[in-house]
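Novice: Generate a structure from the sequence data that follows.
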Amino acid sequence: MQADRRPTKLPSLAQPLSPQAAGQAPKSLPAAQDRRVRTDGDLRELLLKKPRGAREAEWLDSSDGWMDLASYADTYRQTGKKFAQYVHDEFRRAVAAGWTVDGSYNVEIRLIQFHQEEVLAAAEASDNGRHWAAWTSATDGWAIPGTGDGEVFVHNLPEPERSFGQQVYIAEAYAWRGDIQMEILISGSKRVSRKLISDLAERQMERL
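Specialist: Next comes the predicted model:
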């Protein structure tokens, strides 16, 4: 139908176009100052390094530090629900580091990155982690300086479901920056100190 018709002139705009601004456009940030250059690269490089004298977690030998969505969801009891949630939240990728210190406690650090085209998922995931970490009255919590709403949590009672016949104490940390969520989990045979979990959380967030 349109092929047999003459072109129709478009109506005039409701208002005139604004004149182009004078002057030069701002220069792009150098790589050293552009945070996206770092977070779009190898995410494993932003993880804290294993301290001297610690033994690397055995499971890292096969994963090389990367975690796909299935592996990450498998760290939760409700694996299927967590998988579906992170599909909805535009999961992009995740990395993890872990080590054991003197056989007394284990450390696991995860960085989860989201596409964030529709949802500010990193902030929501961090908020969800803080909510569940603080649900029991036998837990103390403190803010992570410089993170806005990041927090560390120390559970004062052992968790029977993680014990396997032994007392296991847990400490957790949750924070976010940009499109990356940080999670830290420390488990040990004794109550984890606030200094230990807070120091790890602060240093990891500084790397972001």
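
Novice: gap between the residue most central in space within the chain and Glu117?
Specialist: Central residue of the chain (Cα atoms, centre = their mean): Gln181, 1.7 Å from the mean position. Note on Gln181: its distance to Glu117, by Cβ to Cβ, to the nearest Å, is 16 Å. The C-beta positions use only the backbone N, C-alpha and C, and glycine is treated the same way.

Novice: can you check Ser187 too?
Specialist: Taking Cβ to Cβ, one finds Ser187 at 35 Å from Glu117.

Novice: do the same with Val87
Specialist: Look at Val87 and Glu117: by Cβ to Cβ, they are 14 Å apart.

Novice: neighbour count winner among the two?
Specialist: Neighbour count, other Cβ atoms under 10 Å: between Val87 and Glu117, Val87 has more, with 11 against 7.

Novice: Could you find the closest non-adjacent residue to the more buried one?
Specialist: Nearest-residue entry for Val87: Leu69, 7.1 Å, with adjacent residues in sequence omitted and distances by Cβ to Cβ, 6 or more residues apart in numbering.

Novice: ok, the one you found - how many residues close by?
Specialist: Neighbours around Leu69, by other Cβ under 10 Å: 16.

Novice: Show the model's pLDDT score for it.
Specialist: Per-residue pLDDT puts Leu69 at 93.

Novice: Repeat that for Lys82.
Specialist: Lys82 carries a pLDDT value of 89.

Novice: so what's it up against?
Specialist: Counting by Cβ atoms under 8 Å, 6 or more residues apart in numbering, Lys82 makes contact with Tyr72, Ala73, Tyr76.

Novice: Am I right that it sits in a strand?
Specialist: No - under DSSP: H, G, I helix; E, B strand; the rest coil, Lys82 sits outside any strand and is assigned helix.

Novice: What's the separation between it and Ala73?
Specialist: Distance of Lys82 to Ala73, given as Cβ to Cβ: 4 Å.

Novice: Check which element follows the least confident helix or strand in the chain by mean pLDDT along the chain.
Specialist: The weakest-scoring helix or strand in the chain, judged by mean pLDDT, DSSP states H and E, is helix 60-63 (a mean of 60). Sequence order places strand 66-67 as the next helix or strand after helix 60-63, per DSSP states H and E.

Novice: partner strands of that following strand, parallel or antiparallel?
Specialist: Paired with strand 66-67 in the same sheet, following DSSP bridges, are strand 91-101 (antiparallel).

Novice: Please save the CA atoms from the partner strand in PDB.
Specialist: The C-alpha trace of strand 91-101 is given here as PDB (Å, rounded to 0.1, in the frame of the first residue of the first chain):
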ATOM      1  CA  PHE A  91      23.500 -13.300  37.300                       C
ATOM      2  CA  ARG A  92      26.600 -12.600  35.200                       C
ATOM      3  CA  ARG A  93      29.500 -14.500  36.900                       C
ATOM      4  CA  ALA A  94      31.000 -15.400  40.200                       C
ATOM      5  CA  VAL A  95      34.500 -16.100  41.600                       C
ATOM      6  CA  ALA A  96      35.600 -17.500  45.000                       C
ATOM      7  CA  ALA A  97      38.700 -17.900  47.100                       C
ATOM      8  CA  GLY A  98      39.200 -20.000  50.200                       C
ATOM      9  CA  TRP A  99      41.800 -21.200  52.600                       C
ATOM     10  CA  THR A 100      42.300 -23.000  56.000                       C
ATOM     11  CA  VAL A 101      44.400 -21.500  58.800                       C
END
